[in-house]
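Novice: Using only what follows, build the 3D model:
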Amino acid sequence: MADLSGWTIGLIGLGHMGVPMARNLARAGAALHVASRSPEPVAMLAAEGMTAHKVARTLAAVVDAVIVMVTDTDA
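Specialist: From the prediction side, this is the model:
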């Protein structure tokens, strides 16, 4: 993966694909901001050094790019 140092990326949706993607982006050097309707993965990734948000609006206001990783079915 490319060096993402200097990028601040927001990731919304921390399910089966979102959590690994957040970790890979952080490993590549990006500063990660995360949000999800489930609080558990947000807390887990915050403990790993990512910035947690309760709502997507606050996340989107402070990042360079937003990735949305959500399903189109009822959870």
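Novice: in a helix, that's where residue 45 is, yeah?
Specialist: Yes - looking at residue 45 with DSSP: H, G, I helix; E, B strand; the rest coil, it is inside a helix.
Novice: and it, how many neighbours?
Specialist: Residue 45 is surrounded by 23 other residues when neighbours are defined as other CB atoms under 10 Å. No exception for glycine: its C-beta is placed from N, CA and C like everyone else's.
Novice: likewise the one 4 residues further on?
Specialist: The tally of other residues near residue 49 (other CB under 10 Å) stands at 9.
Novice: Equivalent analysis for residue 29, please.
Specialist: Around residue 29 there are 13 other residues, counting by other CB under 10 Å.
Novice: Spatially nearest residue to it, not counting backbone neighbours?
Specialist: If the residues on either side of it in the chain are set aside, residue 29 comes closest to residue 5, at 3.7 Å by CB to CB, 6 or more residues apart in numbering.
Novice: what sits against residue 41?
Specialist: When contacts are counted by CB atoms under 8 Å, 6 or more residues apart in numbering, residue 41 touches 14, 15, 18, 19, 34.
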